[in-house]
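**Q** heads up, no residue letters with this:
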């Protein structure tokens, strides 16, 4: 009886391991081909507040595009609100547009309410999946030629703005604005899992 139970448990664990091996990395496998590559923004669709679909090339600035995947109820997102508000106008002046992307069906919070200077768009999950975005806040940055240059966190100190050693977002935007060569790179995003 013990042998039968052991065999049953072992078989179940092996099945689970195989399932995780092939199912969980599926999103990563889909994005392995697009990160660091040219991804025509005409192929990436988002929804506006009325539910109408448009492509991201509509929103690209002259130097690039920053997509900030945002989940209004996430504590980590709330910690970044003031930091991002402080740099949005500067980025636009440098030719890099900033777009907040929320899950379709969520309402923008006061922190990211659309206004004349802020764009909030919605994703049904397809865009995040295609880009390998799994957390909020997490960023995807494209240059002026639609090359997917950066995926990851905003900076290296999600809990405290006073302790930032590496401002990833600033570093990439400044390189784009000054036309510096930049190799694609990725950092670990820290935040809430996208639902």
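**A** Everything's here; your move. Given the structure is predicted, the values throughout are model-derived calculations rather than measurements. Residues are numbered from 1 along each chain as shown.

**Q** residue 131 and residue 142: what is the separation?
**A** 10 Å (C-beta to C-beta, to the nearest Å). (C-beta placed from N, C-alpha, C; glycine too.)

**Q** quick check: neighbours shared by these two?
**A** By C-beta atoms under 8 Å, 6 or more residues apart in numbering, residue 131 and residue 142 have these common neighbours: 67, 148.

**Q** what pLDDT is listed against residue 18?
**A** Per-residue pLDDT puts residue 18 at 34.

**Q** and the helices in the protein?
**A** Secondary structure of the chain (DSSP state H): helices at 2-23, 26-32, 75-93, 126-131, 168-177.

**Q** check contacts around the closest residue to residue 43 other than its chain neighbours.
**A** With C-beta to C-beta, 6 or more residues apart in numbering as the criterion, residue 43 has its nearest non-adjacent residue at 7.2 Å, and that residue is residue 55. With contacts defined as C-beta under 8 Å, 6+ apart, the neighbours of residue 55 are 41-46.

**Q** give me the buried subset of those.
**A** Among the contacts of residue 55, those classed as buried by 16 or more other C-beta atoms under 10 Å are 41, 44-46.

**Q** could you list which of those residues belong to strands?
**A** In this view, the buried ones among the contacts of residue 55 that belong to strands under DSSP state E are 45-46.

**Q** from residue 91, how far out is the closest residue in space to residue 147 that isn't next to it in sequence?
**A** Of all residues beyond its chain neighbours, the one nearest residue 147 is residue 38 (5.1 Å), with distances taken as C-beta to C-beta, 6+ apart. Using C-beta to C-beta, residue 38 is found at 22 Å from residue 91.
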